[in-house]
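# predicted model and sequence below, questions to follow.
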Amino acid sequence: MIDKIADLFRSSEEVPDLLEVLGLEGGYLELSEEEQEKLYEYSTAVGTGGKFNQLDQSVTSTSQTQQGYLKGVGSSAVSSKDYDFAEKVLLKALEAEDDNPTDRHFVYNSLIDLYYKQRDYRDDAIEKCIQYCKEDIEIVDDFLDEWKQEYGGELPNIPSFKRMAIIYEKQGRYEEALEVCEMALDRGLDDGTKGGFEGRKERVQNKMDE
């Protein structure tokens with residue numbers, strides 16, 4: 001792996017094909033050598049033949065979007081707890097030229113995960129987490145429309161509703177927690193727990209009545 005990284009980044013002017021096709025060569029050349037190496041490290045994907053690195057591929061076209069690629073890199077960095085680099089990449093993804101509701105939703109998911117995982121030692125983590133939960137909810141109807149067209153009626157889990165309801169409940173902001181549950185229920189969403197948003201709503205209501 002180290003040899004491959006060294007070969008790829010021997011010259012900062014050598015831009016991988018995929019980045020050129022995606023129109024990301026400018027942003028790539030602005031990265032430090034260390035950041036370029038991280039970009040390579042987090043560009044691993046899984047195909048029919050197993051794992052491969054996307055930046056090793058010779059390509060002239062791709063169905064992948066700027067936003068989708070950057071989301072994948074950022075999500076991998078989050079999984080590796082490389083939070084500073086993940087944040088940089090994911091915020092860049094929100095500025096993508098080919099912005100669309102589906103890719104943006106998954107970028108928000110990664111940002112929500114990024115900040116929540118830092119809640120115990122980053123002062124603005126919860127504030128940032130709430131911010132991106134709200135921004136995701138603002139576009140969720142557009143995302144769900146695209147999802148239904150592509151996959152049919154079974155709705156996916158939308159982490160922003162559950163995460164924001166949990167945060168508000170922990171903060172004692174029960175009215176706001178109930179509003180989030182209602183918004184999720186109005187859209188027919190589930191939170192992956194046994195009682196779903198209905199059960200969550202009931203628990204919050206009981207706390208309000210104590």
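All right, it came through fine.

# report the longest helix in the chain, please.
Secondary structure of the chain per DSSP state H: the longest helix is helix 125-151.

# and that helix, which residues are buried?
125-126, 128-130, 132-133, 135-137, 139-140, 143-144, 147 (16 or more other CB atoms under 10 Å). To be clear about C-beta, it is placed using only N, CA and C from the backbone, and glycine gets the same treatment.

# one more: stretch 86-104?
For stretch 86-104, using 16+ other CB under 10 Å, the buried residues are 86-90, 92-94, 96, 101-104.

# could you pull out the helices in this structure for me?
2-8, 17-21, 25-29, 33-41, 66-79, 83-93, 101-116, 125-151, 159-170, 174-186, 196-209.

# can I get the CA coordinates of the third one in CSV?
What follows is helix 25-29, C-alpha atoms only, in CSV (Å, rounded to 0.1, in the frame of the first residue of the first chain):
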residue,chain,number,x,y,z
GLU,A,25,-8.5,18.2,-10.5
GLY,A,26,-8.4,21.8,-9.2
GLY,A,27,-9.4,20.8,-5.7
TYR,A,28,-7.0,17.8,-5.8
LEU,A,29,-4.0,20.0,-6.7
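
# if we can go back for a sec, let me know the closest of the buried residues of stretch 86-104 to residue 40.
Nearest to residue 40 out of these is residue 89 (CB to CB; 12.6 Å).

# still on that earlier bit, adding distance to residue 51, write the helices of the chain out as JSON lines.
Shown next, in JSON lines, are the helices of the chain (distance: least, CB to CB, whole Å):
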{"stretch": "helix 2-8", "distance to residue 51": "13"}
{"stretch": "helix 17-21", "distance to residue 51": "16"}
{"stretch": "helix 25-29", "distance to residue 51": "22"}
{"stretch": "helix 33-41", "distance to residue 51": "12"}
{"stretch": "helix 66-79", "distance to residue 51": "12"}
{"stretch": "helix 83-93", "distance to residue 51": "20"}
{"stretch": "helix 101-116", "distance to residue 51": "20"}
{"stretch": "helix 125-151", "distance to residue 51": "26"}
{"stretch": "helix 159-170", "distance to residue 51": "26"}
{"stretch": "helix 174-186", "distance to residue 51": "36"}
{"stretch": "helix 196-209", "distance to residue 51": "36"}
